[in-house]
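Chemist: generate coordinates for the sequence data below:
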Amino acid sequence: MSERPSAYPYVWRLPLLIWQGLFFVGPLVLMVAMSFWLVRNYRMEPDFILDNWDRMLGRGYFWDAYWVTVWRATLAAILASLIAFPASFALAFRVSETTRRWALFFLIVPFFTSYLVRIYAWQVLLAESGPINGVLGWVGLGPFTMLNSGFGAMVGYMTLVLPLVVILQTFSLANIDRNLIEAAWNLGANPRATLVRVIVPAAKIGLIVGCVFAFILSFGDFVSPFYLGGSKPPTLSILIIDTTKSGQQWPRAAVVAVMMIVTLFVVAFAAVGAAYGRRK
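Modeler: Coordinates of the predicted model:
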């Protein structure tokens, strides 16, 4: 006699499904539908036209903003991963468990402060008359233009993503089986070979997840490119703001948002494939 399927697991899944439906699937469907609507006399009217898609995807300024956003997010992800790795390696292998816990705590502390407040602090530090240029002036350098530039935007991206990448990398590296490292040493592997052929492959999932998180956060960030980058050249998040200010063109802004979401889905699925795929 076959057992009747239990409804118990589905009851516990129901709150998650409702949450995802209300706050992710529902708004996403509405935004996709809105991208086909029409604006008349500064009012949106439900419709199904391709004019918004044609106007946005057929314009060079959209693709300029798109590739600037992709390039900056990619650069931020790579820089954050490279800068974070030595610190994560030291926390995972060179310090005691207590020191590691305190270090992770202090890495979480910046998230207690508003990201916007931290960006305003960088505005003061990066100004031509700010403390950093003042210190450089004492040694005969500068002043350098760091604010309202790509460098300023990148500093903001690092402020946003670097602590998170260090945390993710540290957890991944700290969970590596130490027997694998000892086995590599016993087989005559030098430190570089151990790092490249044992440690990095063993921590591959955490390293890729940290990198893709940095890309996602940087790709959608508005604060850094606007307040530190001077919004020139504009990124997609800035383009959304500019589009909504131009005749209340929310449907055209929805086109930009949908393109951003599609890009992030592609990157996320590619990262998952790279992280969990089998090594050849």
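
Chemist: residues near the closest residue to Val209 other than its chain neighbours, how many?
Modeler: Closest residue to Val209 apart from its sequence neighbours, by Cβ to Cβ, 6 or more residues apart in numbering: Leu168 at 5.8 Å. C-beta coordinates here come from the backbone N, C-alpha and C atoms, glycine included. Neighbourhood size, Leu168 [other Cβ atoms under 10 Å]: 24.

Chemist: residue contacts, Leu168?
Modeler: Leu168 makes contact with 206, 209-210, 213, according to Cβ atoms under 8 Å, 6 or more residues apart in numbering.

Chemist: looking at these, which are in strands?
Modeler: Counting by DSSP state E, these place none of their members in strands.

Chemist: among these, name the ones in helices.
Modeler: 206, 209-210, 213 (DSSP state H).

Chemist: low-confidence ranges in the stretch 1-150 of the chain?
Modeler: In the predicted model of the stretch 1-150 of the chain, residues 1-8 satisfy pLDDT under 70.

Chemist: one more time with 90
Modeler: For the stretch 1-150 of the chain, applying pLDDT under 90 flags the ranges 1-28, 38-50, 52, 55, 59, 110-114, 127-148.

Chemist: just the helices in it please.
Modeler: For the stretch 1-150 of the chain, the helices defined by DSSP state H, counting those that start in this stretch cover 8-20, 26-34, 51-57, 60-93, 97-108, 115-126, 131-138, 150-174.

Chemist: point out the most buried one among those helices.
Modeler: helix 150-174 (a mean of 22; mean count of other Cβ atoms under 10 Å).

Chemist: same for the next helix or strand after it, what does it pack against?
Modeler: Heading C-terminal from helix 150-174, the first helix or strand you meet, by DSSP states H and E, is helix 178-186. Helix 178-186 is packed against helix 191-194, with contacts defined by 3 or more Cβ pairs under 8 Å, 6 or more residues apart in numbering; DSSP states H and E.

Chemist: quick check: mean pLDDT across the helix it packs on?
Modeler: Mean per-residue pLDDT for helix 191-194: 89.

Chemist: starting at the chain centroid, how far to that helix?
Modeler: Its chain's C-alpha centre and that of helix 191-194 lie 30 Å apart, by Cα atoms, centre = their mean, to the nearest Å.

Chemist: so what touches the helix or strand following it?
Modeler: Scanning forward in sequence from helix 191-194 by DSSP H and E, the next helix or strand is helix 200-202. With contacts defined as Cβ under 8 Å, 6+ apart, helix 200-202 is touched by 176-177, 180, 207, 279.

Chemist: quick one: buried residues of helix 200-202?
Modeler: Ala202 (16 or more other Cβ atoms under 10 Å).

Chemist: now it: average pLDDT?
Modeler: Average pLDDT, helix 200-202: 91.

Chemist: and if you look at stretch 225-243?
Modeler: 92.

Chemist: and it, what's buried?
Modeler: So for stretch 225-243, counting by 16+ other Cβ under 10 Å, buried means 225-229, 231, 233-240, 243.

Chemist: so which of those residues comes closest to Ile132?
Modeler: Leu228 (13.0 Å; Cβ to Cβ).

Chemist: doesn't Leu147 make contact with that closest one?
Modeler: Yes: with contact defined as Cβ atoms under 8 Å, Leu228 reaches Leu147; the gap is 6.5 Å.

Chemist: got any residues that touch both of the two?
Modeler: 123, 126.

Chemist: nearest residue to the middle of the chain?
Modeler: Geometric centre of the chain, nearest residue: Leu217, 2.3 Å, by Cα atoms, centre = their mean.

Chemist: can you tell me the closest non-neighbouring residue to that one?
Modeler: Leu217 sits nearest to Val161 (Cβ to Cβ, 6+ apart), 5.1 Å away.

Chemist: correct me if wrong: that neighbour contacts Ala73.
Modeler: No: look at Val161 against Ala73 with Cβ under 8 Å: they stay out of range, at 9.7 Å.

Chemist: which residues do the two both contact?
Modeler: Shared contacts of Val161 and Ala73, defined by Cβ under 8 Å, 6+ apart, comprise 214, 218.

Chemist: so how far is Ile241 from Met44?
Modeler: 17 Å (Cβ to Cβ, to the nearest Å).

Chemist: equivalent analysis for Met154, please.
Modeler: With Cβ to Cβ as the criterion, Met154 and Ile241 are 20 Å apart.

Chemist: what's the answer for Gly156, then?
Modeler: Distance from Gly156 to Ile241, by Cβ to Cβ: 16 Å.

Chemist: all set, thanks.
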